[in-house]
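Undergrad: Sharing a model prediction with you, sequence too.
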Amino acid sequence: MSNSKSYWRKQRWGTPPQMLTPLMEGPDPDMQDERAKKESSWEAIREWFKVHKGISGNMSSPSVQPHCNSYDVAAKGQDVRLLLGVLGCPLAPISVVGSDLLPDDPLLGSFQIKNVPFETSTAHYIIQQYLAATGCLKRAKAAKNMYATGIMKMSCCETEIAAGKSVKTLGGGGNGRSGDSGCFVLWQMHPGMWSLELVLGGTKLISGSDGKTVWRHTPWLGTHAAKGPQRPLRRLIQGLDPKTTAGLFAKAQCLGERRIGDDDCFVLKVSADRDSLIERNDAGAPAEVIRHALYGYFCQKSGLLIYLEDSHLTRVTTISPEDEAVYWETTIGSSIGDYRDVDGVAVAHCGRAVATVFRFGETSLQYSRTRMEEMWRIDDVVFDVPGLSLDSFIPPADIFEDDNNISTPPVYSNVNSR
């Protein structure tokens, strides 16, 4: 523990203090006017597919061969944006129930079995076993905050583009792009406050929450606040913070059993209700979140969370009434493992996430599907970091400028995030 704290003291501030500017979950092209930024979450994904369509359609032409390098540069930049938009800092679909899931918490201590659906009571029992397996029920006092550092590698594996009966596959090792390496630093303080700084391929992104507002930043879009209720960072529930994970699945439904690899697991599901989805959608905005669900797979033998999967469906309308709506379905499956004891709490230290972005229309036979991957590893975890205060999670002032300045267009107010 002493070595971890000394490491933290050396690593906390390696550069002069700067204003934290948060991270955007959906990438965006460089050149946009103010009105176009309202569609920013999805314009960059469109741009990403345009770049790869251009590569697919022109690589067979001899006259285009000398320009392959320019295509690679453009595709490389779009790959980084897509990876950060999908895997950088996605949020969970719902808010966390309860501020502190301790043994004497009402959520755990006075759970009434009467008039409770069987699926809910079963899920409650599984969560109790999970808290016991991670050591949270043995701790006399819950940790007030946490610090973690880690490294990761992200890559776009392959893309499938179809038009009728014609299907073209890009990537799969043939494009010469092996992915980008990066690192991240994560701070957390209960209840609901966290800050993430992530660097991938030379691009630094930041996201955070003060318990009320989730904010993000990308170098190509700027700073904005996420719409809808406050939701936890997905990275926190990937084995880093058992208490937040338990709170997220507090009102889950048990769907039954499923085998993941060599382990038999219980499957718990939580999903965003209609009211919270409406909060995340802006009236008149091009993107509308239709559903967002999260599935947790808890090992029957160990009681630990070993797999996490979420599905997110968004409908994007076009400006032209003649064009049909486009649907974007994003699925992320994360394998979680290498649990190690940190001050009496079992914390996952490595994992692998595979994401699929599927684009399709209501009636058109055209579709696009791309698969990307992230490998991550935790290097250091410290609980109860001395000196960490509420001031460390204050949102940057520029996310409120639009509310205070009527003459400024609400550039980021209609940005929808995952």
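TA: Received, thanks. Numbering: from 1, shown residues only.
Undergrad: Make sure residue 249 is actually in contact with residue 271.
TA: No. Assessed by CB atoms under 8 Å, residue 249 is found out of contact with residue 271, at 11.6 Å. (Glycine included, C-beta is placed from N, CA and C.)
Undergrad: number of nearby residues for residue 130?
TA: Residue 130: 25 surrounding residues under other CB atoms under 10 Å.
Undergrad: residue closest to the middle of the chain?
TA: Most central in the chain under CA atoms, centre = their mean is residue 90, positioned 1.6 Å from the mean C-alpha point.
Undergrad: where does that residue land on pLDDT?
TA: Predicted confidence (pLDDT) at residue 90: the value is 94.
Undergrad: So which elements touch the host helix or strand of residue 297?
TA: Counting by DSSP states H and E, the element that carries residue 297 is strand 287-299. Packing partners of strand 287-299 (3 or more CB pairs under 8 Å, 6 or more residues apart in numbering; DSSP states H and E): helix 118-134, strand 253-260, strand 263-271, helix 274-280, strand 305-316.
Undergrad: so that strand versus strand 253-260, what angle?
TA: 60 degrees (axes from the mean of the first three to the mean of the last three CA atoms, to 10 degrees).
Undergrad: Pass me the low-pLDDT residue ranges in this structure, would you?
TA: Along the chain, the model assigns pLDDT under 70 to residues 1-77, 98-115, 172-177, 320-322, 400-418.
Undergrad: ok, which stretches of this protein are strands?
TA: 145-163, 166-171, 180-189, 193-200, 203-210, 214-218, 222-225, 253-260, 263-271, 287-299, 305-316, 326-342, 345-361, 367-383 (DSSP state E).
Undergrad: got those strands as TSV, with mean neighbour count and distance to residue 245 columns?
TA: Listed next are the strands of the chain as TSV, based on neighbours: other CB atoms under 10 Å; distance: least, CB to CB, whole Å:
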stretch	mean neighbour count	distance to residue 245
strand 145-163	19	13
strand 166-171	15	33
strand 180-189	20	12
strand 193-200	21	14
strand 203-210	22	16
strand 214-218	27	18
strand 222-225	22	25
strand 253-260	14	15
strand 263-271	19	10
strand 287-299	20	8
strand 305-316	21	6
strand 326-342	18	10
strand 345-361	19	10
strand 367-383	19	15
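Undergrad: related to what we said a few turns ago, mind putting the helices and strands packed on strand 287-299 into CSV with distance to residue 199?
TA: Putting these into CSV (distance: least, CB to CB, whole Å) gives the following:
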stretch, distance to residue 199
helix 118-134, 29
strand 253-260, 31
strand 263-271, 31
helix 274-280, 28
strand 305-316, 24
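Undergrad: what's the closest of the ones you listed to residue 393?
TA: In terms of CB to CB, the element of the helices and strands packed on strand 287-299 nearest to residue 393 is helix 274-280, at 21.6 Å.
Undergrad: list the buried ones in the closest one?
TA: Buried residues in helix 274-280, defined by neighbour count with 16 or more other CB atoms under 10 Å: 276, 277, 280.
Undergrad: which secondary structure elements does it contact?
TA: With contacts taken as 3+ CB pairs under 8 Å, 6+ apart, helix 274-280 sits against strand 287-299.
Undergrad: can you give me the angle the strand it packs on makes with strand 263-271?
TA: 150 degrees.
Undergrad: Mind listing the strands strand 287-299 pairs with, and their directions?
TA: Neighbouring strands of strand 287-299 in its sheet, by DSSP bridges, are strand 263-271 (antiparallel), strand 305-316 (antiparallel).
Undergrad: Can you say which of those strands is nearest to residue 223?
TA: For residue 223, the closest of those is strand 305-316, at 21.9 Å, according to CB to CB.
Undergrad: Now that closest one - C-alpha only, PDB.
TA: Presented in PDB, the C-alpha positions along strand 305-316 are these (Å, rounded to 0.1, in the frame of the first residue of the first chain):
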ATOM      1  CA  LEU A 305     -18.600 -10.300 -12.700                       C
ATOM      2  CA  ILE A 306     -16.700 -11.800 -15.600                       C
ATOM      3  CA  TYR A 307     -18.500 -10.400 -18.700                       C
ATOM      4  CA  LEU A 308     -20.400  -7.200 -19.400                       C
ATOM      5  CA  GLU A 309     -22.500  -6.500 -22.500                       C
ATOM      6  CA  ASP A 310     -24.600  -3.500 -23.500                       C
ATOM      7  CA  SER A 311     -26.700  -2.700 -26.500                       C
ATOM      8  CA  HIS A 312     -27.500   0.800 -27.700                       C
ATOM      9  CA  LEU A 313     -29.900   1.700 -30.600                       C
ATOM     10  CA  THR A 314     -30.200   5.200 -32.000                       C
ATOM     11  CA  ARG A 315     -32.400   6.500 -34.800                       C
ATOM     12  CA  VAL A 316     -30.900   9.400 -36.800                       C
END
